[in-house]
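Chemist: Fold the following.
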Amino acid sequence: MKMKYSIKKQFAMIFIGLMSATILLCWFTNRTFLGRFYMRDKMGALKNAYTVVNRAFSSGNAMTEQFDIQLQKIIETDNISLIVLDADSRMLITSRNDQEILSKRLWENFFNNFAEETEDAILETGENYTIQRITDSRTQTEYIEIWGVFDNGNIFLFRSALEGIRDSVAIANLLLAYIGVAAMVISGIIIVRVSSKVTEPILELTEISERMARLDFDAKYCGNSKTEIALLGNNINELSNTLEVTISELKTANNELQKDIEHKNEIDEMRKEFLASVSHELKTPIALIQGYAEGLKEGINDDAESREFYCDVIIDEAAKMNNMVKKLLTLNQLEFGNDIVSMERFDIVALIKNYIQSAEILTKQKGIQVRFENPPGAVYVWADEFKIEEVFGNYFSNAINYAAGDKIIDVRLIRMDHKVRVSVFNTGEPIPEESLLYLWEKFYKVDKARTREYGGNGIGLSIVRAIMESMNHDYGVINYDNGVAFWFELETN
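Modeler: Numbering: from 1, shown residues only. Predicted coordinates:
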């Protein structure tokens, strides 16, 4: 993609513009204020010389060697010519051989009323002095001078030549122009090189982003600087990695979706198989109910005991069908996500103890010994209490129905990191290894005859699987030499 605006050009134009504005500002400042500043500096030098000499005469040190050295330094530093006369016109101090010119100039100021004639040249008037700007008619040289009376009565004149300030300003501005042009050229070259260093990684990032737009994630930013651009480059690298992983996951998900579509016929077959299994499970109790009902109607046995037996069989089979239908409805709600899982904190120890106590009559009737090592204190877990009771009930019911040998049911709580495992073990025959994979499927029965005997329908463990998966918790079964243990895990935090 062609760039409409180049950052490099923008950097160069901005910098050159700032340089030009700075140079123009300096030129304007020189032209407008340099003369005033120069004049103020000259006035300050003259007033300082006046103060020093006045103080020296007032203190009586004007004729000392030390003051003479100080005065010469002031004269040379500030280019000042001076003359000091006493009341009798005797010269006390002078700076040059042109003392006659200075003396004449001093008397002109006093007696020829020069100030009135050149009022526009007066720059400042003090109590004992006047500062003015004059032009020598003979040499056309401009001077700034201060004249007046010292505190001890001596009269004085100090003056300093005003060099061509206008020429100086013009020369300064011309020099500034030359320097400015040279500075802009040199600075332009420097800014182009510097901006190249800045824009090169940006161009690199632009190329990387274009390759990313084409789903090419192999390009990576390799800059080693510690600037914001390097941070942006690292973020683009992370974005590239994330996009690559995400697109890979999307492709995987799409592949899985394709597989799901391809397996649509298999799902239909499973539905047909489910209906066939339900029909098969209902066929036997319906046939028994029908047969015993017809026997009652035809009066095969007239004695009360036979009629009661027939009625008990009908009631028992109807109860089995009702129980299976309820379980199927429960399983259907769980598998299709229509049942709401209510996560709450409760004591799993209390739940187990209550259930074992409620099943105590049944376990005693079958001669089963139930063991539960009650841990000290409560063990709180997070889960749906009603559904966990149903899971534990399924495990415990299966243990009762399949307990054999020593007829022992051992319930244990095993603490783990932020979890607790509930295990229900019963003595008896281990489950065949080939059946372990199918235990959690609907209507699967390891021993169909025995399952029929106690009224089982092969749905209980399917409900366990659906409940535990709805809460994202683990469950399973472990074979032992003398029995089987079913378990599930819950979070404690």
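
Chemist: Poorly predicted segments of the stretch 1-150 of the chain, please.
Modeler: 1-8, 10-11, 31, 96-97, 112-120 (pLDDT under 70).

Chemist: what about the strands in it?
Modeler: Applying DSSP state E, counting those that start in this stretch to the stretch 1-150 of the chain gives strands spanning 80-85, 91-94, 122-125, 129-135, 142-149.

Chemist: Show me what the third one is packed against.
Modeler: What that stands for is strand 122-125. In terms of contacts (3 or more CB pairs under 8 Å, 6 or more residues apart in numbering; DSSP states H and E), strand 122-125 is packed against helix 7-59, strand 129-135. (C-beta placed from N, C-alpha, C; glycine too.)

Chemist: Then V341 would be within a helix, right?
Modeler: No - counting by DSSP: H, G, I helix; E, B strand; the rest coil, V341 is not part of a helix but coil.

Chemist: so what are the domain limits for this protein?
Modeler: Domain segmentation of the chain under automatic domain parsing yields 7-168, 265-338, 340-493.

Chemist: so which of those domains comes closest to P201?
Modeler: domain 7-168 (11.2 Å; CB to CB).

Chemist: what residues are up against Y395?
Modeler: V424, V464, F486, F488 (CB atoms under 8 Å, 6 or more residues apart in numbering).

Chemist: Quick check: the farthest pair among those?
Modeler: V424 and V464 (11.0 Å).

Chemist: follow-up on the earlier one: let me know the closest of the contacts of Y395 to A21.
Modeler: Closest to A21, out of all of the contacts of Y395 and judged by CB to CB, is F488, at 78.7 Å.

Chemist: hang on, that closest one is in a strand, isn't it?
Modeler: Yes - for F488, which was evaluated using three-state DSSP, the result is membership in a strand.

Chemist: The residue of the chain most remote from its centre and I155: what is the separation?
Modeler: Computed with CA atoms, centre = their mean, the residue of the chain farthest from its C-alpha average is D88, at 90.4 Å. To I155, D88 is 11 Å away according to CB to CB, to the nearest Å.

Chemist: circling back: between the strands of the stretch 1-150 of the chain, which one is nearest to I261?
Modeler: So among the strands of the stretch 1-150 of the chain, strand 122-125 is nearest, using CB to CB, at 101.3 Å.

Chemist: what comes into contact with that closest one?
Modeler: With CB under 8 Å, 6+ apart, strand 122-125 has contacts from M39, M43, A115, T130, I131, Q132, R133, I144.

Chemist: V341: which of the residues you listed is nearest?
Modeler: Using CB to CB, the contacts of strand 122-125 come closest to V341 at M39, 93.2 Å.

Chemist: can you give me the helices for the stretch 351-493 of the chain?
Modeler: In the stretch 351-493 of the chain, the helices defined using DSSP state H, counting those that start in this stretch lie at 360-365, 385-402, 448-453, 460-470.

Chemist: Need phi/psi at the closest residue to T141 other than its chain neighbours.
Modeler: Closest residue in space to T141, ignoring its immediate chain neighbours: A161 at 5.8 Å, by CB to CB, 6 or more residues apart in numbering. Torsion angles at A161 (phi, psi; degrees, to the nearest 10) stand at phi -70, psi 140.

Chemist: Let me know how buried A161 is, in neighbour terms.
Modeler: Per other CB atoms under 10 Å, the neighbour tally for A161 reads 16.

Chemist: and what of V379?
Modeler: As a burial measure, V379 scores 19 neighbours (other CB under 10 Å).

Chemist: Over to the one 3 residues further on?
Modeler: Using other CB under 10 Å, W382 has 14 other residues around it.

Chemist: and what of S397?
Modeler: 16.

Chemist: do V185 as well
Modeler: 11.

Chemist: How much space separates it from Y178?
Modeler: 11 Å.

Chemist: Strands of the stretch 201-350 of the chain, start to end?
Modeler: 344-347.
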